[in-house]
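Q: below is the sequence, then the predicted model.
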Amino acid sequence: NAGVTQTPKFQVLKTGQSMTLQCAQDMNHNSMYWYRQDPGMGLRLIYYSASEGTTDKGEVPNGYNVSRLNKREFSLRLESAAPSQTSVYFCASSESMTGSSYNSPLHFGNGTRLTVT
Amino acid sequence: GNSVTQMEGPVTLSEEAFLTINCTYTATGYPSLFWYVQYPGEGLQLLLKATKADDKGSNKGFEATYRKETTSFHLEKGSVQVSDSAVYFCALSDRVGGSYIPTFGRGTSLIVHP
């Protein structure tokens, strides 16, 4: 049972470089999310995808873009990395954000630790 | 907007002590409530949930009761173990527009000493 798989686990970037964080889930979930976790700030939602073909901004979307490639995959792109984007990034999925499954819990990957110098 | 407030940590206890981690919430609708646990180097995993007022969620000796009148969902355990050392997150899911958006508290670190 892989669940939610994130790659890479660790990454170091220089300011201005770009990269894409990959996420895939094998639970046939409709909804997927990207969060960042910073000390003392908890988890903050960057972007989410309620269903395949849709994406929406969360609380802290600036500096990021996302792609819902298909039902399984949801990637997060940093076009021009900044030191303020140093963080641990978590991808998550849930059965659905809408309809009768709205209270289904989130399933998380193990995170990507990103450092921008 | 929606928000979740948790007691600040770290909470430091001796093994077999009683645990309470306070959580209160603000929501515009009628949210579902969750507790998640994060062990070092891992992602969050669901600990328990409650979907309506007076529901009690329970798992692995942990309990929390959905109190609508006090907008609270406090986490309790009667006797903690060293293996319970982790960060605990309270969360809610409430309707924002057409979707139910999850909102997390800042997390409370629990350290249990032998």
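A: Happy to help now that I have it.
Q: residues in contact with residue A:91?
A: The contact partners of residue A:91, by CB atoms under 8 Å, 6 or more residues apart in numbering or on different chains, come to A:4, A:6, A:21, A:23, A:25, A:32-35, A:74, A:76, A:108-109. Placement of C-beta: from N, CA and C, glycine included.
Q: from those residues, keep the buried residues only.
A: A:4, A:6, A:21, A:23, A:25, A:32-35, A:74, A:76, A:108-109 (16 or more other CB atoms under 10 Å in any protein chain shown).
Q: out of these, who's near chain B?
A: Subset of the buried ones among the contacts of residue A:91 in contact with chain B: A:4, A:33, A:35, A:108, A:109, counting by CB under 8 Å from any CB of the partner chain.
Q: ok now the helix or strand where residue A:74 lies, how far from the chain's centre?
A: According to DSSP states H and E, residue A:74 maps onto strand A:74-78. The chain centroid and the centroid of strand A:74-78 are separated by 7 Å, computed with CA atoms, centre = their mean, to the nearest Å.
Q: in its sheet, which strands sit next to it, and in what direction?
A: Strand A:74-78 sits in its sheet next to strand A:19-25 (antiparallel), strand A:64-68 (antiparallel), going by DSSP bridges.
Q: and the shortest one, average pLDDT?
A: For strand A:64-68, the per-residue pLDDT values average out at 97.
Q: go through that strand and flag the buried ones.
A: For strand A:64-68, a neighbour-count test (16+ other CB under 10 Å) marks A:64, A:66, A:68 as buried.
Q: helix, strand or coil for residue A:100?
A: helix (DSSP: H, G, I helix; E, B strand; the rest coil).
Q: who's in contact with it?
A: Residues in contact with residue A:100 (CB under 8 Å, 6+ apart): none are found.
Q: just to revisit the earlier point, of the ones next to chain B among the buried ones among the contacts of residue A:91, which is the nearest to chain B?
A: residue A:108 (3.2 Å; CB to the nearest CB).
Q: nearest residue to that closest one in space, please, no chain neighbours.
A: Leaving out its chain neighbours, the residue that sits closest to residue A:108 by CB to CB, 6 or more residues apart in numbering or on different chains is residue B:43, at 3.2 Å.
Q: any idea how far that neighbour is from residue B:101?
A: Distance check for residue B:43 against residue B:101: by CB to CB, to the nearest Å, it reads 19 Å.
Q: equivalent analysis for residue A:105, please.
A: Separation of residue A:105 from residue B:101 (CB to CB): 14 Å.
Q: sec struct for the residue nearest in space to the middle of chain A, please.
A: Centroid-nearest residue in chain A: residue A:34, 2.3 Å away (criterion: CA atoms, centre = their mean). Following three-state DSSP, we place residue A:34 in the strand state.
Q: report the contact partners of it.
A: Neighbours of residue A:34 in contact, by CB under 8 Å, 6+ apart: A:21, A:23, A:45-48, A:58, A:64, A:66, A:74, A:76, A:89-92.
Q: okay, and the beta partners of it?
A: Counting by DSSP bridges, the residues bridging with residue A:34 are residue A:47, residue A:91.
Q: separation between it and chain B?
A: According to CB to the nearest CB, to the nearest Å, residue A:34 and chain B sit 12 Å apart.
Q: since that was my last question, I'll sign off now.
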